[in-house]
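Novice: Compute the structure for the input listed below.
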Amino acid sequence: MPLHDDEPTEQPGGDEPEGKVKASDILNRYGTNEAAALRLAELYADAQNTLYRQRVKNRTLTDERDALRAKVPADGAVLMTPEDAAALESYRALGTPDALKGAQDAAQQASTKLATYERERTAHAAASAHEWKPSVLAKLPSLQGKDIEARDADGAPAYFVEGTPLLDYVTAHDAEFLPALQATPAAPTAQPYPRQSAGGGAPLNAGQAHIQRTYKQGAK
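Specialist: Numbering: from 1, shown residues only. Here you go, the predicted structure:
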């Protein structure tokens, strides 16, 4: 039987806390004979056992609480998997974020310069292959923002723009620039000169030539 089996009663004088049991109350309830003493001993033993179990439970809960607290990340900590942690260490070994950003920017600039050089070199080779002026070819409106592609054709490079041969592409889009593209202006057509006589005189017209032939035939 628990010590607080009965409902708590108001203590005389009102000075004792509500529910508190005094020794005199226990004696009045169970008596002072041997049977009452044995009953009180049983109740005390039950209370001690209950208290022991409660202490064991409290200790177990305390250990579990401490274990959970140890697993809680500290303020500002970031949770990550072991793989992510290993990757982070590898990245840190490469340098600081600012150094990595600077290296990336430098690499991007170098790549851009190399790509520009390759485009200019291909355009220059294409101009030479067609006997065009590279400076004029580079300024053609239809080629702005487009790359000239070099392909192997029977051991010699052939040049294309968007899959179309370069000459056909330029002819279709910038035909008015073809004369300006020519590296060497076309030679003017030679004007025929009348053949002069062996004597070095002025050339004969048709009538004079006919008279001369007639004279020669009469002399024979």
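Novice: The chain: strands as residue ranges?
Specialist: Shown for the chain, the strands assigned by DSSP state E span residues 149-153, 156-161, 164-165.
Novice: Near Pro165, how many other residues are there?
Specialist: For Pro165, the count of nearby residues is 14 (other Cβ atoms under 10 Å). Every residue, glycine included, has its C-beta placed from N, CA and C.
Novice: how about low-confidence regions in the protein?
Specialist: Segments of the chain classed as low confidence (criterion: pLDDT under 70) are 1-19, 185-220.
Novice: Determine the longest helix present in it.
Specialist: For the chain, the longest helix by residue count, based on DSSP state H, is helix 34-71.
Novice: What residues sit buried inside that helix?
Specialist: Arg39, Leu40, Leu43 (16 or more other Cβ atoms under 10 Å).
Novice: so how far is Tyr117 from the residue most central in space within the chain?
Specialist: The geometric centre of the chain, computed from its C-alpha atoms, lies nearest to Gln104 (Cα atoms, centre = their mean), at 11.6 Å. Distance check for Gln104 against Tyr117: by Cβ to Cβ, to the nearest Å, it reads 20 Å.
Novice: just Phe160 next, same as before
Specialist: Applying Cβ to Cβ to Phe160 and Tyr117 gives a distance of 20 Å.
Novice: These two - which one has more neighbours?
Specialist: Phe160 (18 against 10).
Novice: Hmm, Arg151 and that one touching each other?
Specialist: Yes: the pair formed by Phe160 and Arg151 meets the contact definition of Cβ atoms under 8 Å, at 6.2 Å.
Novice: Just the C-alphas of stretch 165-173, formatted as CSV.
Specialist: As requested, C-alpha coordinates have been extracted for stretch 165-173 and formatted as CSV (Å, rounded to 0.1, in the frame of the first residue of the first chain):
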residue,chain,number,x,y,z
PRO,A,165,32.0,26.0,-99.3
LEU,A,166,33.5,29.4,-98.4
LEU,A,167,33.6,30.7,-102.0
ASP,A,168,29.9,29.8,-102.5
TYR,A,169,29.0,31.3,-99.2
VAL,A,170,30.7,34.6,-99.9
THR,A,171,29.3,34.7,-103.4
ALA,A,172,25.8,34.2,-102.1
HIS,A,173,26.0,36.7,-99.3
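Novice: Buried by neighbour count: which residues of it qualify?
Specialist: Taking 16+ other Cβ under 10 Å as the basis for neighbour counts, the residues of stretch 165-173 that come out buried are Leu166, Leu167, Tyr169, Val170.
Novice: So which of these belong to helices?
Specialist: Using DSSP H, the members of these that fall within helices are Leu166, Leu167, Tyr169, Val170.
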